[in-house]
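Peer 1: have a look; sequence and predicted model below, questions after that.
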Amino acid sequence: MPHLVVEYSANLEPDVDVAQLVRVLHEAAMMSGVFKPGAVRTRAVKREIYSIADDHPDNRFAHVVVRIGAGRSADVKRGLGEHLFDALTGALAEVSATRPLAISMEVQEIDPDFSFRKNNLHEIVAARGGGTDE
């Protein structure tokens with residue numbers, strides 16, 4: 001049950017197609033081999049109010065929180081983080097080369113004792129031919 005949340009400063013929008021950034025990260029998560037197809041959820045949240053570094057109005061940020069189910073090894077989590085961070089920095093490379101931009105990402109585990117969910121997506125995605133629950 002990975003959740004990828006892209007949080008970004010509003011001033012990033014003139015330089016980045018945020019919908020495309022979400023698609024790039026979603027596809028990278030799907031291709032990682034770590035998750036079931038019906039499990040991945042990726043979304044973006046624009047921040048209108050922020051202060052970055054010296055508070056210069058040109059400063060931008062993009063931060064991704066990747067929340068995953070508990071129980072994966074440190075090697076799997078590190079490999080996943082590196083895979084997703086490569087996709088993130090690749091998607092933002094042009095902006096990063098020409099604008100002040102802070103890019104960050106963290107992988108967090110979801111505590112299974114305090115996680116509640118109901119999901120019929122696995123069956124629906126499998127029925128559409130988009131993968132199995134393996």
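Peer 2: Sure, I can see it.

Peer 1: this structure: strands as residue ranges?
Peer 2: Ranges of strands in the chain, per DSSP state E, are 3-9, 41-47, 60-69, 101-110.

Peer 1: now those in CSV, with distance to residue 79, mean pLDDT and mean neighbour count?
Peer 2: (Glycine included, C-beta is placed from N, CA and C.) Below are the strands of the chain laid out as CSV (distance: least, C-beta to C-beta, whole Å; pLDDT from 0 to 100; neighbours: other C-beta atoms under 10 Å):
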stretch, distance to residue 79, mean pLDDT, mean neighbour count
strand 3-9, 16, 97, 19
strand 41-47, 19, 97, 15
strand 60-69, 12, 97, 20
strand 101-110, 10, 96, 15
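
Peer 1: distance to residue 81 added to these, as a markdown table?
Peer 2: Converted to a markdown table, these look like this (distance: least, C-beta to C-beta, whole Å):
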| stretch | distance to residue 81 |
| --- | --- |
| strand 3-9 | 11 |
| strand 41-47 | 15 |
| strand 60-69 | 7 |
| strand 101-110 | 5 |
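
Peer 1: can you tell which of those is closest to residue 78?
Peer 2: strand 101-110 (8.3 Å; C-beta to C-beta).

Peer 1: touching the closest one from outside, list them.
Peer 2: Contacts to strand 101-110, defined as C-beta atoms under 8 Å, 6 or more residues apart in numbering, come from residues 1, 12, 52-53, 59-70, 72, 77, 80-81, 84-85, 88-89, 92, 95-96.

Peer 1: low-scoring stretches of this structure, by residue?
Peer 2: Scanning the chain for pLDDT under 70 picks out the ranges 1, 130-134.

Peer 1: hey, where'd the helices end up in this structure?
Peer 2: All helices of the chain, identified by DSSP state H, fall at 18-31, 74-91, 93-98, 121-127.

Peer 1: turn these into JSON lines, including distance to residue 38.
Peer 2: Shown next, in JSON lines, are the helices of the chain (distance: least, C-beta to C-beta, whole Å):
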{"stretch": "helix 18-31", "distance to residue 38": "10"}
{"stretch": "helix 74-91", "distance to residue 38": "18"}
{"stretch": "helix 93-98", "distance to residue 38": "31"}
{"stretch": "helix 121-127", "distance to residue 38": "4"}
